[in-house]
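# Dropping the sequence and predicted coords here.
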Amino acid sequence: MPARRPHLTESVAQSELADSLAALRASLDLPEAFPPEALAEAEAASAPAPAADLRELPFATIDPSGSTDLDQAMHLARRGDGYLVHYAIADVPAFVAPGGAVDLAARGRGQTLYAADGRIPLHPPAIGDDRASLLPGVDRPAFVWRFELGADGAIASTRLERALIRSRARLDYPEAQALIEAGDRDAPVALLGEIGRARIEQERLRGGASLNAPDEEIVRRDGGYDLLRRTPLPVEDWNAQLSLMTGMAAAAMMLDARVGVLRTMPAPDGERLAAFRRQTEALGCPWPDELSYGEYLRGLDRSDPLALAVLQVAGGLFRGAGYVAFDGTPPAETEQAALAAPYAHVTAPIRRLVDRWGLVVCEAVAAGREVPDWARDSLAALPPIMAASAQRAAQLDSGSIARVEAALLHGRVGERFTATVLELRGERAVFQLETPAVTASCPAPAGARAGGTIEVVLEAADIKAGTVRFSAV
């Protein structure tokens, strides 16, 4: 059978998909346009100049291609046999009046939502894509974290202040990876690989873990939609380590001050770990006794189908994440188990509501001032807001992917596909097609095993409902 283009271009299917995605938005009651008063307030917003001036440091940003809501910028330098890291975070609180129209609209949203047919931002574009965004070549107020690191990546000292910065370069991930691989010593990210690998080693020593599983993303292509499955570049992991380092420093600061909001996740119990170990043995990719589960997951080859099956199962260990606010008495459970350390969200205030509070709390603590009343009084409201927002984001993501999957398979009923089995759930096999990048399930055929391949036939693809049905050959 001749190969087909895996992305959706047929006009009938496109039209039906557009209607289905619009219906999904409506069913989730997603916010649409900002209220006029929020837009007007955002247009008029301005930030006072911070006392500190760090514009002489050549900061740079690394984000997905085309991003305009730039939350973080970095400046990396050697310091003796270690490193000096300046990590700047967009000063969104400087542009958002507590209790104002923008603040109320953002509390109703919780986070930026990413739909197949467009982004639903947390803040009006005048703030999120312009005045607060750390765009290159313009002065911006920022919360600047300063870390002195040893040669091993361990933190020797931390400082936080509000400062004026100017980014010199906006890089996307492939550009940053290419600069590092080329050994360009003058590149603003020249040291990111060294620092990132050192911080990953610190994660290993703590007993932390990271899935780093391949991403499944909806992309626009040739006038239609496609599903892209890709393994993150190493630079994405190194970049994430700076954000994780900052979040752990923020959590420690909040716990010392006995006020703040943490991102927590319970550790998997012995029964779940034992079950996971048995599953890795059944998959033919056993977890050695001498390795922590973090070390084991880090060592998997992401290009190996067996590794994908293991990562699918390992996702069950990373459950129960949430937020906990406190003022006076720290919570009984403070750790984010995957990081093996307390952790707080403070590095994405343009795209995530809770980060605005974390930054304001930490900056007040660092400056020796009282936490502002507006932030302190509203801390307890954050966990339910973020929980509702996370649920809506998950429903939007899964619903969008399901509809695009059905659209990609539109008109292919009766075709036969080779699929890699990710997991056996009772009498059903969860599998991935190679092209298009669809994940589905069917009754497990005899002899099916996770990590192996099976042949499946498409029996139905319903774009409106976002469902596909397969049977095993």
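On my side now, so go ahead.

# Point out the other helices and strands that the helix or strand hosting residue 357 packs with.
Assigned by DSSP states H and E, residue 357 belongs to helix 354-367. Contacts defined by 3 or more CB pairs under 8 Å, 6 or more residues apart in numbering; DSSP states H and E place helix 354-367 against strand 139-149, strand 155-172, helix 234-257, strand 259-264, helix 373-378, helix 382-408. The C-beta positions use only the backbone N, C-alpha and C, and glycine is treated the same way.

# between the first one and helix 234-257, what angle do the directions make?
Strand 139-149 and helix 234-257 are oriented at 80 degrees to each other (axes from the mean of the first three to the mean of the last three CA atoms, to 10 degrees).

# Strand 139-149: how far from the chain's middle?
Its chain's C-alpha centre and that of strand 139-149 lie 21 Å apart, by CA atoms, centre = their mean, to the nearest Å.

# which parts of that strand are buried?
Neighbour counts over strand 139-149 (16 or more other CB atoms under 10 Å) mark 140, 141, 142, 143, 144, 145, 146, 147, 148, 149 as buried.

# residues in contact with the third one?
Same thing as residue 142. Residue 142 makes contact with 73, 88, 89, 90, 91, 134, 162, 163, 164, 165, according to CB atoms under 8 Å, 6 or more residues apart in numbering.

# can you map out the helices along the stretch 1-150 of the chain?
Under the criterion DSSP state H, counting those that start in this stretch, the stretch 1-150 of the chain carries helices at the ranges 11-27, 36-44, 101-109, 125.

# Give me the below-cutoff pLDDT ranges for this structure.
Within the chain, the stretches with pLDDT under 70 are 1-12, 223.

# tell me the domain boundaries of it?
11-266+320-406, 411-473 (automatic domain parsing).

# Out of those, which is the most enclosed?
Burial of the domains of the chain is given as mean neighbour count (mean count of other CB atoms under 10 Å); domain 11-266+320-406 ranks first at a mean of 18.

# quick one: it to chain centroid distance?
Domain 11-266+320-406 sits 8 Å away from the centroid of its parent chain (CA atoms, centre = their mean).

# can you check stretch 444-454 too?
On the basis of CA atoms, centre = their mean, stretch 444-454 sits 32 Å off its chain's mean C-alpha point.

# Just the CA trace of that stretch, in CSV.
Only the C-alpha atoms of stretch 444-454 are listed here, as CSV (Å, rounded to 0.1, in the frame of the first residue of the first chain):
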residue,chain,number,x,y,z
ALA,A,444,-4.6,-7.7,23.3
PRO,A,445,-3.8,-10.5,20.8
ALA,A,446,-2.2,-13.7,22.0
GLY,A,447,1.5,-13.3,22.6
ALA,A,448,1.4,-9.5,22.8
ARG,A,449,4.0,-8.0,25.1
ALA,A,450,5.0,-4.5,26.1
GLY,A,451,7.9,-3.3,23.9
GLY,A,452,6.9,-5.7,21.1
THR,A,453,5.0,-5.0,17.9
ILE,A,454,1.5,-6.1,16.8
